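> Sequence and predicted model, in that order:
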Amino acid sequence: MEMRVFGRTGMRLSVLGFGCGAVGGLMVRGDPRDQERTIARALSVGVNYFDTAVQYGDGESEKNLGNALQALKPANAIVGTKVRLPPSDFGRIADAITKSLEASLARLRRDRVDIFHLHNAVTETGGEKTLSVQQVLGDVAPAFDRLRQQGKARYLGLTAVGDTAALHQVIDSGAFDSAQVVYNMLNPSAATGLPAHYPAQDYAKLFDHTQIAGIGVIGIRVLAGGALSGSAERHPIASPPPEPIGSAMSYDADIARARRLLPLVEDGFAASLTEAATRFAISHPAIGTILVGMATPQQFEDALTAVQKGPLPPAAIDRLAALRKGFAGEPR
């Protein structure tokens with residue numbers, strides 16, 4: 001398993017991370033035996049980063065991950081979890097963050113987590129469920145730092161969703177060590193410029209900012225919530241189609257565009273769209289690890305096989321860019 005240094009933290013993370021989210025569903029609704037077996041398999045091939053959140057099954061993912069790791073007792077598991085503040089807690093941010101992490105630690109059966117991420121979207125002025133740049137830097141970051149000083153979190157992060165300019169400001173501040181960044185074949189704008197009038201959020205080369213700040217990057221939505229399989233079929237324990245992030249306004253539109261990338265498979269660059277998407281996501285050097293969610297142990301094996309083939313070759317990246325040009329000017 002390829003290991004990459006994770007930003008300025010010095011941690012070495014497996015390029016394939018273990019996503020414990022609700023979209024795939026294994027760690028939320030799966031059989032406990034499958035959960036433990038798949039985590040044991042992941043550890044045996046060198047996967048060392050496990051990513052969860054209280055929102056995944058209202059604590060079920062954290063609890064199930066904690067149970068599996070307690071049974072397996074690996075020496076090298078790196079665990080990340082998250083806090084998402086509801087608007088009712090915006091007036092008591094520090095207390096709410098502390099309470100959330102302490103409850104997460106109890107479910108995970110750990111004294112600390114390695115990375116603690118803010119899970120709210122960030123906008124310039126806040127409002128509704130989003131936090132403003134000022135709230136993140138003035139309230140969240142100091143509360144996170146206190147938890148680090150107390151030994152409850154090693155490193156601090158955020159999920160980089162919201163307004164692009166606001167995300168750039170927060171990342172440029174240097175207050176965080178980790179950023180979970182949307183990066184996939186439908187929207188590579190964290191790394192590269194998009195064609196004019198492209199139907200996706202433009203993250204405006206966010207990787208340039210993470211690299212300057214020394215922030216480690218966790219690639220998220222690398223399969224666009226499953227749309228980059230090119231199939232609308234979902235496993236029984238998977239979630240319903242998720243709301244798209246950073247790409248089209250509907251999941252069906254993401255699937256339709258994904259199918260227009262099938263020439264990558266037809267030209268022999270990958271055995272499937274899912275493989276192509278997984279290998280695309282690890283092709284950029286800014287990526288420390290990618291999260292691939294799963295419904296079954298076999299889906300973990302598929303992700304492992306793809307990662308072991310390595311990044312897509314430059315010719316495939318060029319072919320993909322040419323195919324994406326056809327999306328320009330279409331409604332999002």
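Noted; the coordinates are in hand.
> Go ahead and confirm residue 83 touches residue 116.
Yes. Contact criterion Cβ atoms under 8 Å: residue 83 and residue 116 qualify, at 7.1 Å. Yep, even glycine has a C-beta here, placed from its N, CA and C like the rest.
> Now the common contact residues for the two.
The contact sets of residue 83 and residue 116 overlap at residue 101 (Cβ atoms under 8 Å, 6 or more residues apart in numbering).
> residue boundaries of the strands in the stretch 1-150 of the chain?
Using DSSP state E, counting those that start in this stretch, the strands of the stretch 1-150 of the chain run over residues 3-5, 12-14, 16-19, 49-51, 78-83, 113-118, 122-123, 131-132.
> quick one on the thing from earlier: more neighbours, residue 83 and residue 116?
residue 116 (29 against 26; other Cβ atoms under 10 Å).
> List the beta-bridge partners for the closest residue in space to the more buried one that isn't next to it in sequence.
Nearest residue to residue 116, sequence neighbours excluded (Cβ to Cβ, 6 or more residues apart in numbering): residue 153, at 3.9 Å. When bridges are called by DSSP bridges, residue 153 pairs up with residue 113.
> Return the residues in contact with residue 153.
Residue 153 touches 101, 112-116, 144, 147, counting by Cβ under 8 Å, 6+ apart.
> change it to 7 Å
101, 112-113, 116, 144, 147 (Cβ atoms under 7 Å, 6 or more residues apart in numbering).
> Now render those residues as CSV, adding pLDDT.
Listed next are the contacts of residue 153 as CSV, based on pLDDT from 0 to 100:
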residue, pLDDT
101, 98
112, 97
113, 98
116, 98
144, 98
147, 98
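> hmm, back to that, relative to residue 140, how far out is the residue nearest to residue 116?
Distance of residue 153 to residue 140, given as Cβ to Cβ, to the nearest Å: 12 Å.
> of the strands of the stretch 1-150 of the chain, which approaches residue 68 most closely?
strand 49-51 (9.0 Å; Cβ to Cβ).
> strand partners of that closest one, parallel vs antiparallel please.
strand 16-19 (parallel), strand 78-83 (parallel).
> how about the nearest residue to residue 63, chain neighbours excluded?
Using Cβ to Cβ, 6+ apart, the nearest residue to residue 63 is residue 107, at 4.5 Å.
> so the one you found sits right up against residue 59, yeah?
Yes. Contact criterion Cβ atoms under 7 Å: residue 107 and residue 59 qualify, at 5.4 Å.
> Go through stretch 88-98 and flag the buried ones.
Neighbour-count burial for stretch 88-98, counted by 16 or more other Cβ atoms under 10 Å, picks out 89-90, 93, 96-98.
> Then stretch 19-35?
19-30, 34-35.
> Restricted to helices, list the residues you listed.
26-29, 34-35 (DSSP state H).
> Now do the helix of greatest length in the chain: everything it contacts.
Looking across the chain with DSSP H, the single longest helix is helix 93-108. Contacts to helix 93-108, defined as Cβ under 7 Å, 6+ apart, come from residues 54, 59, 62-63, 65-66, 79, 81, 83, 85, 89, 111, 113, 116, 135, 139-140, 143-144, 147, 152-153.
> what do you get if the cut-off is 6 Å, keeping everything else the same?
54, 59, 62-63, 66, 81, 83, 85, 89, 139, 143, 147, 152 (Cβ atoms under 6 Å, 6 or more residues apart in numbering).
> Over to stretch 270-290?
4, 6, 13, 15, 17, 49, 185, 191, 207, 211, 216-219, 222-223, 228-230, 264, 303, 306, 311-312.
> Are any of those buried, and if so which?
4, 6, 13, 15, 17, 49, 185, 191, 207, 216-219, 222-223, 228-230, 264, 303, 306, 311-312.
> among the residues you listed, which are in helices?
Going by DSSP H, the helices hold 207, 264, 303, 306 from these.
> ok, now which ones touch residue 308?
Going by Cβ under 6 Å, 6+ apart, the list of residues near residue 308 is empty.
> Show the pLDDT at residue 239.
We have a pLDDT of 84 for residue 239.
> what number of residues lie near it?
20.
> With the one 4 residues further on instead?
The local packing count at residue 243 equals 9, with neighbours defined by other Cβ under 10 Å.
> And residue 314, how close does it get to residue 269?
From residue 314 to residue 269 the distance is 11 Å (Cβ to Cβ).
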